[in-house]
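Trainee: sharing a sequence plus its predicted fold:
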Number of protein chains: 2
Amino acid sequence: MTTIIDGKALAKKINAQTQELVAQLREKQNIIPGIAVVIAGDDAASLIYTRNKHNKAIKLGINSILKKFPANVSQDELLTEIEKLNNDDTIDAILVQQPLPPQLDPEVITNAIVPAKDVDGLNPLNLGKLFANQHGNYPVACTPRGIMRMLAEYNIDLQGKNAVIVGRSILVGKPLLALLNNANATVTMAGRNTRDLSALTKTADILIVATGVPHLIKATDVKPGAVVIDVGINRLSDGKLTGDVDFEAVKAKAQAITPVPGGVGPMTIATLMEQTVDLAQWRHHG
Amino acid sequence: MTTIIDGKALAKKINAQTQELVAQLREKQNIIPGIAVVIAGDDAASLIYTRNKHNKAIKLGINSILKKFPANVSQDELLTEIEKLNNDDTIDAILVQQPLPPQLDPEVITNAIVPAKDVDGLNPLNLGKLFANQHGNYPVACTPRGIMRMLAEYNIDLQGKNAVIVGRSILVGKPLLALLNNANATVTMAGRNTRDLSALTKTADILIVATGVPHLIKATDVKPGAVVIDVGINRLSDGKLTGDVDFEAVKAKAQAITPVPGGVGPMTIATLMEQTVDLAQWRHHG
């Protein structure tokens, strides 16, 4: 019997915990966690994502500000805004929605966010600490952190397991590589240069797919009994959402699998909220 | 016919280039690159390594200072020294020899070295930039950088190749993972938790071994035609040095292989010298 990993239910549980914690922080310590979501341009999907994040934050009692800039905003203008937010004592978390318009260098923008407010975990200082498996508190990219939380919730053992990540992005593949290494899995990260991807994915006890290619992974690409995590969110021409994994076919073969929608997606935003509160607590209590 | 990768000869060539560049910098720009090698304790191997580094630097015209501390040095005392070196305008590169005595926290020491002088590439800011494949100049751990240089010198193609790294250290395995990912190889990092290491190493087009276990890798663990890089330097009871790979047996099967001694070892120190000069140039010219 294949386990369908219910990201929606887990996200709901985490959101309820976050809401409760926010209420306590406000009441007992007079701390109100604050997030600033920055968006440049009119990309329809990005506008929806940022509005969802903003609304969810408000709903959980987090102070949220949405900063919209036109698509032609200059890099200097955006950097000035980030610097202001870095120094704003009511803001604990800064998120700049990607992708950015072409005149903006994502490295420069990312590196400008002060590490203590870097809720996306993209600042190289935070990424380097994660990669080095350093002790102490630092933010981690929300989608990978959410995936690790799902694996833990479903008691999926990682130590010594073969994990294969398909997709090498800075937001998903790379932080996940570090997290799975730190959990003592044997990790392989594949990308578009990988030859014979299918031979590789068939070695995976844990298979994580984040490519943006609908149904890239078929049943023949998966080892029987594998745990399959689908990070893809692809909109089909009929408006329906689907993942990077052929869910119906792979489900029959997997030990556990995440659906799309209702798997990784809701975990990302729940983790973002949770980490915003973490950043607030770390900033106030060190 | 197996290629024996001659790290000693390549190191000699790089050292000659470094010496020439140092002379030019001194003459034309009045820049004298400077390195500080810090050691705590009396570990015999570490004393030899640090002396070798110091002597090589002097020989190439680099200003080198060797700072020795007793094994019971306090963390505060070492941090005060690092802070002094961070602010010393004659010093471009700071290296703290590992392993450190147990009362010293290697993370705290590493994080204290200013990123611009972090010649070992261990500061999380530098490690994170490498992992993110950021543009611009930043130091990279010397052994991995030296290995990449050897692979380039011998025209070993990496794109789309399966690379397996055995050993997960912060000085070798992890930076190498990042470098090989950045070169578009499909990389797996294995450690002591890996099940069926031999099945994994046999998939490697490029096999890199850094475990400190003499002759861990036998001919049966290697794919015919693989490139084998042996980072191990193990002293046998008869005083001879040997690697983590059974050189004589594996040589018959590999396309190319590094010997021990004379392979990776000399490249590390040549790269350290080269990167000291890089740091001096970056610091003076941005």
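Mentor: Looks like it arrived, so ask away.

Trainee: need the helices for the stretch 151-286 of chain A, in chain order.
Mentor: Using DSSP state H, counting those that start in this stretch, the helices of the stretch 151-286 of chain A run over A:173-182, A:197-201, A:247-251, A:264-285.

Trainee: which one of the ones you listed lies closest to A:V164?
Mentor: helix A:197-201 (5.5 Å; C-beta to C-beta). (Glycine included, C-beta is placed from N, CA and C.)

Trainee: tell me which residues in stretch A:217-227 are buried?
Mentor: A:I217, A:D221, A:V222, A:K223, A:A226, A:V227 (16 or more other C-beta atoms under 10 Å in any protein chain shown).

Trainee: elements contacting whatever helix or strand A:I82 lives in?
Mentor: Using DSSP states H and E, A:I82 falls within helix A:75-86. On a contact count with 3 or more C-beta pairs under 8 Å, 6 or more residues apart in numbering or on different chains; DSSP states H and E, helix A:75-86 meets strand A:34-40, strand A:63-69, strand A:93-96, helix A:106-112.

Trainee: now, the most widely separated pair of the buried residues of stretch A:217-227?
Mentor: Farthest pair in the buried residues of stretch A:217-227, by C-beta to C-beta: A:D221 and A:V227, 14.1 Å.

Trainee: and A:K8, what does it touch?
Mentor: A:P261, A:G262, A:G263, A:P266 (C-beta atoms under 8 Å, 6 or more residues apart in numbering or on different chains).

Trainee: tell me which element it falls in.
Mentor: Element membership for A:K8 (DSSP H and E) is helix A:7-29.

Trainee: and the helix holding A:I82, how far from the chain's centre?
Mentor: On the basis of C-alpha atoms, centre = their mean, to the nearest Å, helix A:75-86 sits 23 Å off its chain's mean C-alpha point.

Trainee: what's the angle between it and strand A:34-40?
Mentor: Using axes from the mean of the first three to the mean of the last three C-alpha atoms, to 10 degrees, the direction of helix A:75-86 lies 170 degrees away from that of strand A:34-40.

Trainee: distance of A:P144 from B:T203?
Mentor: From A:P144 over to B:T203 the distance is 25 Å, taken as C-beta to C-beta, to the nearest Å.

Trainee: which one's more surrounded, these two?
Mentor: A:P144 (28 against 18; other C-beta atoms under 10 Å in any protein chain shown).

Trainee: could the buried residues of stretch A:217-227 go into CSV alongside pLDDT?
Mentor: Below are the buried residues of stretch A:217-227 laid out as CSV (pLDDT from 0 to 100):
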residue, pLDDT
A:I217, 98
A:D221, 98
A:V222, 98
A:K223, 98
A:A226, 98
A:V227, 98
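
Trainee: so can I have CSV of those showing distance to chain B?
Mentor: Below are the buried residues of stretch A:217-227 laid out as CSV (distance: C-beta to the nearest C-beta, whole Å):
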residue, distance to chain B
A:I217, 16
A:D221, 15
A:V222, 18
A:K223, 13
A:A226, 15
A:V227, 16
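
Trainee: looking at those, which are in strands?
Mentor: Of the positions in these, A:V227 sit in strands, assigned by DSSP state E.

Trainee: hey, which of the helices of the stretch 151-286 of chain A is tucked in deepest?
Mentor: helix A:173-182 (a mean of 24; mean count of other C-beta atoms under 10 Å in any protein chain shown).

Trainee: for the record, mean pLDDT for that one?
Mentor: The pLDDT scores in helix A:173-182 average 98.

Trainee: helices and strands around that helix, which ones?
Mentor: Using 3+ C-beta pairs under 8 Å, 6+ apart: helix A:173-182 touches helix A:124-131, helix A:142-153, strand A:162-166, strand A:186-190.

Trainee: any idea which of these gets closest to chain B?
Mentor: Evaluated over the helices and strands packed on helix A:173-182, closeness to chain B peaks at helix A:124-131, with 2.9 Å, by C-beta to the nearest C-beta.

Trainee: is the closest one in proximity to chain B?
Mentor: Yes: under the criterion of C-beta under 8 Å from any C-beta of the partner chain, chain B is reached by helix A:124-131 at A:P124, A:L125, A:N126, A:L127, A:G128, A:K129, A:F131.

Trainee: pull up the residues of the stretch 151-286 of chain A that are close to chain B.
Mentor: Near chain B, when you scan the stretch 151-286 of chain A using C-beta under 8 Å from any C-beta, you find A:159-160, A:162, A:168, A:170, A:174, A:177-178, A:181, A:184-191, A:193-195, A:200.

Trainee: redo that, cut-off 7 Å
Mentor: A:159-160, A:168, A:170, A:174, A:181, A:184, A:186-191, A:193-195 (C-beta under 7 Å from any C-beta of the partner chain).

Trainee: list the contacts of A:N52.
Mentor: Contact partners of A:N52, counting by C-beta atoms under 7 Å, 6 or more residues apart in numbering or on different chains, are A:I269.

Trainee: what's the end-to-end length of stretch A:87-102?
Mentor: 27 Å (C-alpha to C-alpha, to the nearest Å).

Trainee: stretch A:218-230 now?
Mentor: 12 Å.

Trainee: how many neighbouring residues does A:T2 have?
Mentor: The burial count assigned to A:T2 is 14, neighbours taken as other C-beta under 10 Å.

Trainee: same deal with A:N72?
Mentor: Residues lying near A:N72 (other C-beta under 10 Å) number 10.

Trainee: got the phi and psi for it?
Mentor: phi -100, psi 20 (degrees, to the nearest 10).

Trainee: re earlier: and the helix holding A:K8 with helix A:264-285, angle?
Mentor: Computed by the same axes, to 10 degrees, the angle between helix A:7-29 and helix A:264-285 is 20 degrees.

Trainee: let me see the mean pLDDT of helix A:7-29.
Mentor: Over the span of helix A:7-29, the pLDDT mean works out to 98.

Trainee: convert the C-alpha atoms of that helix to PDB, please.
Mentor: Backbone C-alpha positions of helix A:7-29 (Å, rounded to 0.1, in the frame of the first residue of the first chain) are rendered in PDB as follows:
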ATOM      1  CA  GLY A   7       1.800  18.000   2.500                       C
ATOM      2  CA  LYS A   8      -1.500  19.900   2.800                       C
ATOM      3  CA  ALA A   9      -2.400  18.300   6.100                       C
ATOM      4  CA  LEU A  10       1.100  18.700   7.500                       C
ATOM      5  CA  ALA A  11       1.300  22.300   6.400                       C
ATOM      6  CA  LYS A  12      -2.000  23.000   8.100                       C
ATOM      7  CA  LYS A  13      -0.600  21.500  11.300                       C
ATOM      8  CA  ILE A  14       2.500  23.600  11.100                       C
ATOM      9  CA  ASN A  15       0.500  26.700  10.300                       C
ATOM     10  CA  ALA A  16      -1.600  26.100  13.400                       C
ATOM     11  CA  GLN A  17       1.600  25.800  15.500                       C
ATOM     12  CA  THR A  18       3.000  28.900  14.000                       C
ATOM     13  CA  GLN A  19      -0.200  30.900  14.700                       C
ATOM     14  CA  GLU A  20      -0.200  29.700  18.300                       C
ATOM     15  CA  LEU A  21       3.500  30.600  18.800                       C
ATOM     16  CA  VAL A  22       3.000  34.000  17.200                       C
ATOM     17  CA  ALA A  23       0.100  34.700  19.700                       C
ATOM     18  CA  GLN A  24       2.300  33.700  22.600                       C
ATOM     19  CA  LEU A  25       5.300  35.800  21.400                       C
ATOM     20  CA  ARG A  26       3.000  38.800  21.100                       C
ATOM     21  CA  GLU A  27       1.300  38.300  24.500                       C
ATOM     22  CA  LYS A  28       4.300  37.200  26.700                       C
ATOM     23  CA  GLN A  29       7.200  39.000  25.100                       C
END
